[in-house]
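Enquirer: A predicted structure for the sequence below; I have some questions about it.
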Amino acid sequence: MNHDNLTDIATYLRNHSSELGSRILEMYPPLQSTTQEVPSELSTLLRKPLPAQAVAIGGLATHLKNARSARIVAECGAGKTYMALGLAHVMMAKTMLVMCPSHIAKKWAREAIKTIPSVRTFLVEDMRNGGDPNQPHGVCEVRLRKGRIVYEGIQVSLAELRRLGRKGWKRRYPQPSIFIIPKDKGKLSYFWRHAFLTAKSGPELGGTINPDTGIAIQNASGERLTRLEFDQLKISEQVEREQGGSKLFSPLWQADRTKIQRMAPVEYIGRFMKGWFDFAIADELHQLAGSTAQGNALGVLAHAGRRLVALTGTLMGGYADDLFNVFFRMEPQNMVAEGFVYGGEGRRDFQQQFGVLETIEKIRDEDNACSRAPKKTIQVLKKPGASPFLFGKFLMSSSAFLALEDIADNLPPYTESVLSCDMDAGLQKAYEELEKALRDAMAEHRGNKSLMSVLLNTLLLYPDHPYGFDDIWARALDPATKKFYKFFVARPEELSQEAVYAKEKALIDDIREELRQGRRCQVYATFTGEKDVNGRLEKILSPAGLRVAVLRAWCQRTRGKSGTTGNLRPVPR
């Protein structure tokens, strides 16, 4: 073997990729290969899966025959929702629980109705079966009418589901049933307050102590916490029984009985409906990785469903310990077998074993009272990165990875094009005069970053909005006084707001052509705040006979005015 060209690990992997690939397939044979037949149940779905999706579903179904949880990691648009529903259908699940972000709850309902034959779909709104008659309550059935999800059918409560039980529900409603709970609604629970004690005597007099142990409460650095440090944060400890006993989780908070008493729907399901559902699905897994109410709900799904599948397009945020809570909630037995304990201590051990840590050691000479000795400070920082062993131990055997590239052959073609047009004579003349004034100012104040920013912003905006400008000023530093002063730059010419300019005419013609071909159009624009280019587009598109709606993001509480998001160009859909 010639080692002369092997200068680094990347070159080695590139030169021996085929041998390494064969070795990996030999050691870790796929549960579902492209040459094997996919599960026959997929043929009964209302929508046919793409080949890569069918392979992923088949592999996950094989894995879940002997396991309780799995993950689907796929790019946006690769069909995570469809694959999760198809997997539940292959596993012949009759009752399914889905937890997803609130804004896509109805999208999940629509996808379920379009995918699984004869499915009944329910939205879990809250714990109640009464309340404001103008708002849905309890567990409400929804159906698809003219492409829209509407509340129609039976309405029950979680308490009734608990009373019926799994068998009772299946006898009454033998069709597949999917229950969708928005995670924002599912987490709403009781108000809480701190539950520490204040020492009345002894060495901890006046300090905070743990009611379970009677010992002072400390932070991760071993420093004692004061009452002020509790603030609005929930604090807990891992305590150990006497004489080397087991470790226990000791929460230092409790329910506040002076405020409204309520129970979160997810908490009710976890406490009283363990194993009630055949299949549980957690969407947007990366949002459930923290020590939050939403994150704890992932553990509830693992108890409520006999099988659990989690979906995400972003598995981790760059740090290995981003997955610590996920693994403990989905596969706690594997984490315990690896020697990890839940909590801060276990998380640090996990990051040390599978992540990247940087140790910074600072040494400086310092005169002590009796000797001259160096003083050393050591700081350990968490860095982005993860060990390959993390994927081998916890991900390869229980996760399906899918990219858009894997299904690209089955997607419609995507093309991008740029439409260019010359400016109107009057606009071009005004633009050139403005550009000359800005260039002259730049020549006079070379290296002025403030002026450069003004130049770029103004020249980009003016062709789309050649009116409503104030005098342009910039600032510079006076080298003598070391103070900033303002100077005049230019006064943009005020053009007519009633005229329709060449670029706007080209946009109207392009939209009309797309609509003629049966496509719906979205127009993304820049400069949508102070100058409101979106409002300008609405003003010129509506008289052209086009039906227009402007989508705005209102932020009055924080910014005091409206703004919009968006960028790019007209995109046909």
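Expert: Thanks, I have the structure now.

Enquirer: The stretch 451-573 of the chain: strands as residue ranges?
Expert: For the stretch 451-573 of the chain, the strands defined by DSSP state E, counting those that start in this stretch cover 472-478, 483-490, 521-523, 553-554, 562-563, 570-572.

Enquirer: For residue 62, which non-adjacent residue is closest in space?
Expert: Leaving aside its chain neighbours, residue 62 sits nearest to residue 31 (4.2 Å; criterion: C-beta to C-beta, 6 or more residues apart in numbering). The C-beta positions use only the backbone N, C-alpha and C, and glycine is treated the same way.

Enquirer: closest one to residue 403 among the strands of the stretch 451-573 of the chain?
Expert: strand 570-572 (22.3 Å; C-beta to C-beta).

Enquirer: Okay, helices next: where are they in the stretch 1-150 of the chain?
Expert: 9-15, 17-27, 51-63, 80-90, 105-115 (DSSP state H, counting those that start in this stretch).

Enquirer: Would you mind finding the most buried of the ones you listed?
Expert: With neighbours taken as mean count of other C-beta atoms under 10 Å, the helices of the stretch 1-150 of the chain reach their highest mean count in helix 80-90, at a mean of 25.

Enquirer: right, and the helices of the stretch 1-150 of the chain - which one's nearest residue 509?
Expert: helix 105-115 (33.4 Å).

Enquirer: can you list the residues that contact the closest one?
Expert: 45-47, 81-82, 85-86, 89, 98, 100, 119, 121, 123, 142-144, 149, 178, 180-182, 283 (C-beta atoms under 8 Å, 6 or more residues apart in numbering).

Enquirer: Same question for stretch 164-180.
Expert: With C-beta under 8 Å, 6+ apart as the contact definition, stretch 164-180 has outside contacts at 85, 88-89, 93-98, 100, 105, 108-109, 112, 116-124, 139, 161, 275-277.

Enquirer: buried residues in it?
Expert: Neighbour counts over stretch 164-180 (16 or more other C-beta atoms under 10 Å) mark 164, 166, 169, 170, 176, 177, 178, 179, 180 as buried.

Enquirer: quick one: average confidence on the host helix or strand of the second one?
Expert: Meaning residue 166. In this assignment (DSSP states H and E), residue 166 forms part of helix 158-172. Mean per-residue pLDDT for helix 158-172: 92.

Enquirer: go on, stretch 17-27?
Expert: Averaged over stretch 17-27, pLDDT sits at 81.

Enquirer: chain center to it, what's the gap?
Expert: Distance, stretch centre to chain centre, for stretch 17-27: 34 Å (C-alpha atoms, centre = their mean, to the nearest Å).

Enquirer: same deal with stretch 415-432?
Expert: Remark: stretch 415-432 is offset 39 Å from the chain centroid, using C-alpha atoms, centre = their mean.

Enquirer: For that stretch, buried residues please.
Expert: 423, 424, 427, 430, 431.

Enquirer: was I right about the last one contacting residue 463?
Expert: Yes: the pair residue 431 and residue 463 qualifies as a contact (C-beta atoms under 8 Å) at a distance of 6.4 Å.

Enquirer: Give me the common contacts of those two.
Expert: The contact sets of residue 431 and residue 463 overlap at residue 423 (C-beta under 8 Å, 6+ apart).

Enquirer: re the thing from before, go through the buried residues of stretch 164-180 and say which is closest to residue 398.
Expert: Checking the buried residues of stretch 164-180 against residue 398 by C-beta to C-beta gives residue 178 as the nearest, at 23.0 Å.

Enquirer: Give the closest residue to that closest one in space, chain neighbours not counted.
Expert: That would be residue 96: by C-beta to C-beta, 6+ apart, it lies 4.4 Å from residue 178.

Enquirer: what about residue 437, helix or strand, and which?
Expert: Per DSSP H and E: helix 425-444 holds residue 437.

Enquirer: Dump that helix to PDB, keeping only the CA atoms.
Expert: Extracted in PDB, the C-alpha atoms of helix 425-444 (Å, rounded to 0.1, in the frame of the first residue of the first chain):
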ATOM      1  CA  ALA A 425     -35.600  57.200 -18.100                       C
ATOM      2  CA  GLY A 426     -36.700  59.500 -15.300                       C
ATOM      3  CA  LEU A 427     -35.900  57.000 -12.600                       C
ATOM      4  CA  GLN A 428     -32.500  56.200 -14.100                       C
ATOM      5  CA  LYS A 429     -31.500  59.900 -14.300                       C
ATOM      6  CA  ALA A 430     -32.500  60.400 -10.600                       C
ATOM      7  CA  TYR A 431     -30.700  57.300  -9.600                       C
ATOM      8  CA  GLU A 432     -27.500  58.300 -11.400                       C
ATOM      9  CA  GLU A 433     -27.500  61.700  -9.800                       C
ATOM     10  CA  LEU A 434     -28.000  60.100  -6.300                       C
ATOM     11  CA  GLU A 435     -25.200  57.600  -7.000                       C
ATOM     12  CA  LYS A 436     -22.800  60.400  -8.100                       C
ATOM     13  CA  ALA A 437     -23.500  62.400  -4.900                       C
ATOM     14  CA  LEU A 438     -22.900  59.300  -2.700                       C
ATOM     15  CA  ARG A 439     -19.700  58.500  -4.600                       C
ATOM     16  CA  ASP A 440     -18.400  62.000  -4.200                       C
ATOM     17  CA  ALA A 441     -19.000  61.800  -0.500                       C
ATOM     18  CA  MET A 442     -17.200  58.500  -0.300                       C
ATOM     19  CA  ALA A 443     -14.200  60.000  -2.200                       C
ATOM     20  CA  GLU A 444     -14.100  62.800   0.300                       C
END
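
Enquirer: picking that back up, next, the angle helix 80-90 makes with the helix or strand following the helix holding residue 166.
Expert: Once the chain leaves helix 158-172, the next helix or strand it forms, by DSSP H and E, is strand 177-182. Between strand 177-182 and helix 80-90, the angle formed by their directions is 150 degrees, by axes from the mean of the first three to the mean of the last three C-alpha atoms, to 10 degrees.

Enquirer: Where does the prediction get shaky in the stretch 1-150 of the chain?
Expert: 1-6, 129-131 (pLDDT under 70).

Enquirer: ok but residue 360 is inside a strand, no?
Expert: Yes: assessed by DSSP: H, G, I helix; E, B strand; the rest coil, residue 360 belongs to a strand.

Enquirer: surely it meets residue 378?
Expert: Yes: with contact defined as C-beta under 8 Å, residue 360 counts as touching residue 378 (7.2 Å).

Enquirer: need the contact list for the residue lying closest to residue 304 once chain neighbours are set aside.
Expert: Closest residue to residue 304 apart from its sequence neighbours, by C-beta to C-beta, 6+ apart: residue 269 at 5.0 Å. With contact set as C-beta under 8 Å, 6+ apart, residue 269 has these partners: 97, 158, 181, 276, 300, 304.

Enquirer: Can you tell me how far residue 269 is from residue 302?
Expert: 11 Å (C-beta to C-beta, to the nearest Å).

Enquirer: same thing with residue 169?
Expert: Residue 169 sits 21 Å away from residue 302, going by C-beta to C-beta.
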